[in-house]
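**Student:** mind folding the following:
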Amino acid sequence: MYRYNEFDTAFVRERVAQFSGQIARRLDGSLTEDEFRPLRLMNGLYLQLHAYMLRIAIPYGTLRADQMRQLAYIADTWDKGYGHFTTRQNIQFNWPELTDVPAILSALADVGMHSIQTSGNCVRNVTADHFAGATADEIDDPRPVAELIRQWSSDHPELQFLPRKFKIAVIASVHDRAVTRSHDIGLRMVEQDGEAGFEVIVGGGLGRTPILGPIIRPFLPKADLLPYLEAIVATYNLLGRRDNKFKARIKITVFENGLARFRDLVEQEFARRRQGFNDEAARILAEITPFFAPPPFKTADTAPFAAAYKVDRLFRAWADTNLAPHKRADHAIVTVSLKAHGQTPGNVSSVQMRALADLAEAYSHAELRISHEQNVILPHVARADLPALHEALRKVGLATANVGLLSDIIACPGMDYCTLATARSIPVAQEIATHFKAIGLEQEIGQIKIKISGCINACGHHHVGHIGILGLDRAGVENYQITLGGDHTENAALGERAGPGFAYDAVVPAIERILRAYLALRRTPAETFIETFRRLGAAPFKAALYEDEARDAA
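**Tutor:** Modelled structure (predicted):
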């Protein structure tokens, strides 16, 4: 992965010093909260319900073992012993004191990390496929390009005061593991006549007005990427609404102007800007790419894996759900679930962080990934090492065998932490997970994606969940809407609202009615929930969901 050079190190240190001075002026009263707010947001510092929250960037979801260990140190020293991984491949600390933030930022800088542009109306943390560089279904590792975009967008003077926040995702695989169509710009590496380039998606986003981004360019040569991105963002910067923050995202700009007109304006801007880039971007990309060379793999014996799989029931269950094919047959990609039944999705303790760092060093070339699904990935594990890894994970409570199953829920922090939330998310996720474990249906239900948001901003991606849950405030009472049929993959779809919402204590029974209907309706146990939904449509699931109302009406 990328290592900071002298420029990067100096840049981050200067930013730490600058923001530390701004914090000092806020503490001594020289800055009011209104004056301080845009400064802290540019540095990832939020004021939440109970305390400040610091959001730290994990560019394209990649972490070194020493960086994970440093996060554990920060959690113990200045927080409450845990962190929270988000759907944007960031980590959040929910309880820092304002006086401690400069020390936290300095500790991050020690290991090449920062919180710059994790908030504010700028280009946010660039995300990518969490299996990048390890999976067999990719054209190339997309992370060098993601790093190029990170460097281009960091403190870019034209991109610091956009109409609203701006999110970019990059993949190079057939399978979309980064929800690219829900981003302001989504990039998918493709090949045309032997040349590598990108399919460019623009104007996606969830939240109040969910839109799946359309394709603005089916093929963009790799050499033209940065000037084309700059043309898109510059066009948005000029056209984007600033009179209404709910209509300020690029998805509204594209919708109101029409894709054809927006494309024409981008192409005109691209023609002007292209000349100014010359070959500089290609030179920088060439310098970046060697940092992402594959690790020194050694041929591994697969017999220990086969033996353990045959005799160890717990290991077999974990291997069936938490392992993905690696580009080498003698290795595997391991997803470490942060969704133990009854736990807060995405939360990880400092003890677990240190264990993950140690295990990454022992078994995965000191590399970890954070997924948008709020789990941790060890991308390069020899199959011979999997039984020992599983045992080590079990000892620290990280061997839950549920990746892709019902309890592998995405959930935002909701009203337990967030000032914007209108309902709780975490307790709903916890109760769904524990309930279906208790009644023994999770394995029978199989692969399904449940996603929960505590407000209309959709940080929990509920719009693209097979079952989505949105918590709202109805006259001071929590009310939960359910959507059906969403999909975050290459078959992206927005879920449709099922009907009237449910009270907090009615959510779990409602989900159970939907899933019992699925079990009765599927053709075979191999037919997943989303496959059954696509075959039959929403009607039978809505009928099951509102069966009591239908009975009363009759």
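**Student:** so residue 198 sits in a strand?
**Tutor:** Yes. Counting by DSSP: H, G, I helix; E, B strand; the rest coil, residue 198 falls inside a strand.
**Student:** and the gap between it and residue 190?
**Tutor:** Note on residue 198: its distance to residue 190, by C-beta to C-beta, to the nearest Å, is 7 Å. Every C-beta, even on glycine, is put in place using the N, C-alpha and C of the backbone.
**Student:** when these two are compared, which one has more neighbours?
**Tutor:** Higher neighbour count among residue 198 and residue 190: residue 198, with 26 against 15, using other C-beta atoms under 10 Å.
**Student:** so who does that one touch?
**Tutor:** 187-190, 217, 219-220, 222, 225 (C-beta atoms under 8 Å, 6 or more residues apart in numbering).
**Student:** what's the helix or strand for the residue nearest to residue 25 when sequence neighbours are not counted?
**Tutor:** Spatially, and ignoring its direct neighbours in sequence, residue 25 is nearest to residue 31 (4.6 Å; C-beta to C-beta, 6 or more residues apart in numbering). According to DSSP states H and E, residue 31 maps onto no helix or strand at all.
**Student:** distance of residue 31 from residue 198?
**Tutor:** On the measure of C-beta to C-beta, residue 31 and residue 198 end up 42 Å apart.
**Student:** next: residue 455.
**Tutor:** From residue 455 over to residue 198 the distance is 33 Å, taken as C-beta to C-beta.
**Student:** so, low pLDDT: which residues of this protein?
**Tutor:** Applying pLDDT under 70 to the chain flags residues 549-554.
**Student:** check contacts around the residue sitting nearest the centre point of it.
**Tutor:** By C-alpha atoms, centre = their mean, the mean C-alpha position of the chain lies nearest to residue 372, the distance being 2.3 Å. Going by C-beta under 8 Å, 6+ apart, residue 372 touches 61, 87-89, 127, 130, 177-179, 410, 461.
**Student:** cool, and residue 257?
**Tutor:** Residue 257 touches 239, 265, counting by C-beta under 8 Å, 6+ apart.
**Student:** now the one 4 residues further on
**Tutor:** Going by C-beta under 8 Å, 6+ apart, residue 261 touches no other residue.
**Student:** quick check: phi and psi at it.
**Tutor:** phi -70, psi -40 (degrees, to the nearest 10).
**Student:** also the one 5 residues further on?
**Tutor:** Per-residue torsions, residue 266: phi -60, psi -40 (degrees, to the nearest 10).
**Student:** tell me if I'm right that it and residue 216 touch.
**Tutor:** Yes. Counting by C-beta atoms under 8 Å, residue 266 touches residue 216, with 6.8 Å between them.
**Student:** overlap in contacts of these two?
**Tutor:** Joint contacts of residue 266 and residue 216 (C-beta under 8 Å, 6+ apart) are 202, 232.
**Student:** looking at the two, which is more packed in?
**Tutor:** For residue 266 and residue 216, the more surrounded residue by other C-beta under 10 Å is residue 266, and the numbers stand at 24 against 21.
**Student:** picking that back up, what helix or strand is the residue nearest to the centre of the chain on?
**Tutor:** Residue 372 belongs to no helix or strand, assigned by DSSP H and E.
**Student:** ok, it to residue 459 distance?
**Tutor:** 11 Å.
**Student:** what of residue 176?
**Tutor:** The gap separating residue 176 from residue 459 is 19 Å, by C-beta to C-beta.
**Student:** list the contacts for the nearest residue to residue 47 once chain neighbours are set aside?
**Tutor:** Nearest residue to residue 47, sequence neighbours excluded (C-beta to C-beta, 6+ apart): residue 419, at 7.3 Å. By C-beta under 8 Å, 6+ apart, residue 419 lies in contact with 47-49.
**Student:** shouldn't residue 141 be in contact with residue 292?
**Tutor:** Yes. At 5.3 Å, residue 141 and residue 292 qualify as touching, with contact defined as C-beta under 8 Å.
**Student:** identify the contacts common to these two.
**Tutor:** With C-beta under 8 Å, 6+ apart as the test, residue 141 and residue 292 both reach residue 133.
**Student:** contacts only, for the closest residue in space to residue 1 that isn't next to it in sequence.
**Tutor:** Among residues not flanking residue 1 along the chain, residue 62 sits closest, at 4.9 Å (C-beta to C-beta, 6+ apart). The contact partners of residue 62, by C-beta under 8 Å, 6+ apart, come to 1, 143, 367-369.
**Student:** now swap in residue 60 and tell me
**Tutor:** 89, 126-128, 132, 142-143, 146-147, 150, 170.
**Student:** pretty sure it belongs to a helix, no?
**Tutor:** Yes. Under three-state DSSP, residue 60 sits within a helix.
**Student:** kindly provide the distance from it to residue 345.
**Tutor:** 21 Å.
**Student:** you'd agree residue 348 is in a helix?
**Tutor:** No. Judged by three-state DSSP, residue 348 forms no part of a helix; its state is strand.
**Student:** pretty sure it contacts residue 336?
**Tutor:** No. Contact criterion C-beta under 8 Å: residue 348 and residue 336 do not qualify, at 9.1 Å.
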